[in-house]
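Asker: Sequence first, predicted coordinates after that:
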Amino acid sequence: MMHFLMGQKRIAYILAIAQAFSVHTYGAAVLTVLGAMAYDRYVAVCEPLRYHAIMTSARLHTCCALAWIVALLLIVVLFSFHINVPLCGQRIDHVYCSNRGILNLACIPTPTNNIYGLAMTWTLSTGIFIIIGFSHIRILSASVKQGRNDKSVRIKAVQTCTPHLVVYVLYEIASLVIIVTLRFPSLSQNIRKFFSILVIIIPPAINPIICGLVSKELRSSIIKHFSIKVCPKRP
């Protein structure tokens with residue numbers, strides 16, 4: 001934002017690495033956190049009476065820590081391949097620094113980084129897809145059994161699953177757009193930049209709305225807040 005507002009277009013190499021590392025860590029952590037959330041929802045719906053016994057405070061903290069540790073370790077290995085890679089170029093034609101953008105400046109081919117990056121993306125995406133799919137299938141199965149005589153149980157299960165799935169699908173589509181645009185050099189640079197900005201801004205902006213508005217208490221609070229602002233009580 002500072003570079004954008006002040007018109008500066010230069011960045012030190014170490015800061016470029018730090019920025020790219022942060023962007024990729026965010027991308028990996030989104031998936032791992034969504035996987036942890038899927039497990040939490042599975043326990044809440046399928047084992048409601050044992051939820052507090054299973055998801056203790058210590059286990060909750062462990063799940064959150066593991067989600068971030070896994071993401072950090074994967075990205076640390078990815079960026080370890082940057083060590084001793086000579087750079088010949090100095091121009092990154094993009095709106096922010098990324099692993100691929102920096103390695104495009106390398107004087108030599110970087111097949112190891114490419115192979116690891118694709119393998120990591122495929123493994124992480126597939127693993128989280130399996131976790132989320134398994135969790136939601138079990139949730140829907142349990143809700144059907146529990147809600148045979150109570151329609152509200154099925155409705156609650158759908159309300160529990162839908163926001164999580166929408167956030168997951170939204171993020172996967174955004175990631176796919178980034179991967180596709182990077183793999184097709186014939187695409188216009190302006191198109192790449194436009195989609196890159198959308199991917200960074202849209203999902204984080206929409207996620208709180210999708211997840212938050214499911215909460216009845218939050219909806220009531222928002223409606224109450226705006227009703228007071230729009231129609232203040234007369235003295």
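Answerer: Right, received. Where do you want to start? Computed from a predicted structure; not experimentally measured.

Asker: where's residue 22, which helix or strand?
Answerer: Residue 22 belongs to helix 13-46 when assigned by DSSP states H and E.

Asker: buried residues in that helix?
Answerer: Residues of helix 13-46 classed as buried: 16-17, 20-21, 23-25, 27-43, 45-46 (neighbour count, 16 or more other Cβ atoms under 10 Å). C-beta coordinates here come from the backbone N, C-alpha and C atoms, glycine included.

Asker: In this protein, where's the longest helix?
Answerer: Scanning the chain for the longest helix, with DSSP state H as the assignment, gives helix 111-146.

Asker: Go through the next helix or strand after it and flag the buried ones.
Answerer: Counting by DSSP H and E, the next helix or strand C-terminal to helix 111-146 is helix 151-183. Using 16+ other Cβ under 10 Å as the test for burial, helix 151-183 gives 153, 157, 160-161, 163-165, 167-168, 171-172, 174-175, 178, 181-182.

Asker: for helix 151-183, what is the average pLDDT?
Answerer: Averaging pLDDT along helix 151-183 yields 76.

Asker: what's the answer for stretch 73-85, then?
Answerer: pLDDT averaged over stretch 73-85 gives 88.

Asker: I'd like the C-alpha coordinates of that stretch written as CSV, please.
Answerer: Extracted C-alpha coordinates of stretch 73-85, given in CSV (Å, rounded to 0.1, in the frame of the first residue of the first chain):
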residue,chain,number,x,y,z
LEU,A,73,6.8,-25.4,7.5
LEU,A,74,5.6,-26.0,4.0
ILE,A,75,6.3,-22.5,2.9
VAL,A,76,9.7,-22.4,4.7
VAL,A,77,10.8,-25.4,2.6
LEU,A,78,9.5,-23.8,-0.5
PHE,A,79,11.5,-20.6,0.1
SER,A,80,14.6,-22.6,1.2
PHE,A,81,15.1,-23.2,-2.5
HIS,A,82,15.8,-19.5,-3.0
ILE,A,83,19.1,-19.9,-1.2
ASN,A,84,22.1,-19.5,-3.6
VAL,A,85,19.9,-19.0,-6.6
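
Asker: related to what we said a few turns ago, and whichever helix or strand comes after the helix holding residue 22, how far from the chain's centre?
Answerer: Later in the chain than helix 13-46, the nearest helix or strand by DSSP H and E is helix 51-54. The chain centre lies 26 Å from the centre of helix 51-54; the measure is Cα atoms, centre = their mean, to the nearest Å.

Asker: what's the angle from the following helix or strand past helix 51-54 to helix 13-46?
Answerer: The first helix or strand that comes after helix 51-54 along the chain, using DSSP H and E, is helix 57-80. Helix 57-80 runs at 150 degrees relative to helix 13-46, counting by axes from the mean of the first three to the mean of the last three Cα atoms, to 10 degrees.

Asker: Give me the next element, helix or strand, following helix 57-80.
Answerer: Following helix 57-80 in sequence order, the next helix or strand is helix 99-103 (DSSP H and E).

Asker: residues making contact with that following helix?
Answerer: For helix 99-103, contacts defined as Cβ atoms under 8 Å, 6 or more residues apart in numbering pick out 16-17, 20, 24, 78-79, 82, 85, 87, 92, 94, 110, 113, 117, 182.

Asker: Among these, which one lies nearest to residue 204?
Answerer: residue 24 (15.2 Å; Cβ to Cβ).

Asker: Tell me the spacing between residue 140 and residue 49.
Answerer: 19 Å (Cβ to Cβ, to the nearest Å).

Asker: Who has more neighbours out of those two?
Answerer: Each of residue 140 and residue 49 has its neighbours counted (other Cβ atoms under 10 Å); residue 140 has more, 16 against 6.

Asker: Now do that one, the pLDDT please.
Answerer: The model reports residue 140 with a pLDDT of 81.
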